[in-house]
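> following is a predicted model, sequence given first.
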Amino acid sequence: MISLNPSYLSAFWSAPMVEVNLLVFFNLAGALMLGLMLGYERTYHGRAAGMRTYGIVCMASAALTVFCGYPGFWWGGSMPSALPIDPSRVIQGIVTGVGFLGAGVIMKEGLNISGLTTAASIWASSAIGVLVGIGFFGAAILLTLLLLVLMMWVPKLEARLPSRRAMGVVMGFLPGVEPKEVELKHTILQWGYMVAEGSLSISASQHATQWNFVMVALKSRPEPNSLFELSRKLREVEGVDSLQISHARN
């Protein structure tokens, strides 16, 4: 039984305890700075999760990891017989918990999925905090820099590399019009696109029919290439009443 006597309270401010607290503080400060660096990239691009989110995740992950290294100083060092904690179990809990946080920023709107990069980077920021917490400072800094390179410059590289663009299309047809799948696919094929296998879904009412599908380019620069030109071409298809087209991003 621990009593609140002066000797017990003074143990929390002994020289060894102050030294440990300073070490933990520097770990937390370093993790916070790395998290803010990573979060600024998301803030710059207007994402919902920014500097505060990344800073908190990274710093909290470091805090939950670093305290495992000093079990002898828990409760002012008054319980030296305390059972040592398994850091791997703490890390497992951190990774699982932050995974749920990352899942909250993933959004699906129609055929577009957004937030995957933000979710992955939030999860990675917890790994940075864990590395700081166990003392791998160089590895934590390197991981932060690698993540910044991936998030800032790899998209520019992707834009320059050949790729097959994908478009999410929602076509509404006039009442009474029954579009033919073979004819529509043939028309799109002449433009240098194809309907992605398994992407076509059809919703119909008593008055009208609506098709949802993904168009995939068969080459890096098909014609028509812009959304404007594709929109004009698709609206010229017989029986089309309404159209929605966007890049099928994830």
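That came through fine.
> got any ranges where this protein has weak pLDDT?
Under the criterion pLDDT under 70, the flagged ranges of the chain are 1-4, 78-84, 109-113, 249-250.
> by residue count, which helix of it is the longest?
Across the chain, the helix with the greatest residue count (assigned by DSSP state H) is helix 15-44.
> now that one, how far from the centre of its chain.
The chain centroid and the centroid of helix 15-44 are separated by 22 Å under Cα atoms, centre = their mean, to the nearest Å.
> would you mark the buried spots in that helix?
Applying a neighbour-count criterion of 16 or more other Cβ atoms under 10 Å, one finds 17, 20, 24, 27-28, 30-39, 41-43 buried in helix 15-44. All C-beta atoms are positioned from the backbone trio N, CA, C, and that covers glycine.
> cool, and stretch 242-250?
Residues of stretch 242-250 classed as buried: Ile245, Ala248 (neighbour count, 16+ other Cβ under 10 Å).
> tell me which element the most centrally placed residue in the chain falls in.
When the chain is reduced to its mean C-alpha position, the nearest residue by Cα atoms, centre = their mean turns out to be Ala119, at 2.0 Å. In this structure, Ala119 sits in helix 116-133 according to DSSP states H and E.
> that helix relative to helix 15-44, how many degrees between them?
Between helix 116-133 and helix 15-44, the angle formed by their directions is 160 degrees, by axes from the mean of the first three to the mean of the last three Cα atoms, to 10 degrees.
> which helices and strands does the helix or strand following helix 116-133 pack with?
Using DSSP H and E, the helix or strand that follows helix 116-133 in sequence is helix 137-152. Packing partners of helix 137-152 (3 or more Cβ pairs under 8 Å, 6 or more residues apart in numbering; DSSP states H and E): helix 15-44, helix 116-133.
> can you give me the buried ones in the next helix or strand after the longest one?
By that I understand helix 15-44. Note on helix 15-44: by DSSP H and E, the next helix or strand toward the C-terminus is helix 51-66. Residues of helix 51-66 classed as buried: 51, 53-66 (neighbour count, 16+ other Cβ under 10 Å).
> distance of the residue nearest to Ala166 when sequence neighbours are not counted from Pro224?
The spatial neighbour of Ala166 that comes closest, neighbours along the chain excluded (Cβ to Cβ, 6 or more residues apart in numbering), is Ala248 at 4.1 Å. The gap separating Ala248 from Pro224 is 17 Å, by Cβ to Cβ, to the nearest Å.
> give me the contacts around stretch 64-76.
Residues from elsewhere that reach stretch 64-76 (Cβ atoms under 8 Å, 6 or more residues apart in numbering): 2, 8-9, 11-12, 14, 16-17, 20, 23-24, 27-28, 80, 82-87, 90-91, 93-94, 129-130, 132-135.
> ok so, going back, tilt between the helix holding Ala119 and helix 51-66?
For helix 116-133 against helix 51-66, the angle between stretch directions is 40 degrees (the same axes, to 10 degrees).
> show me which residues of helix 116-133 are buried.
Of the residues in helix 116-133, those scored as buried under the neighbour-count criterion (16+ other Cβ under 10 Å) are 117-119, 121-133.
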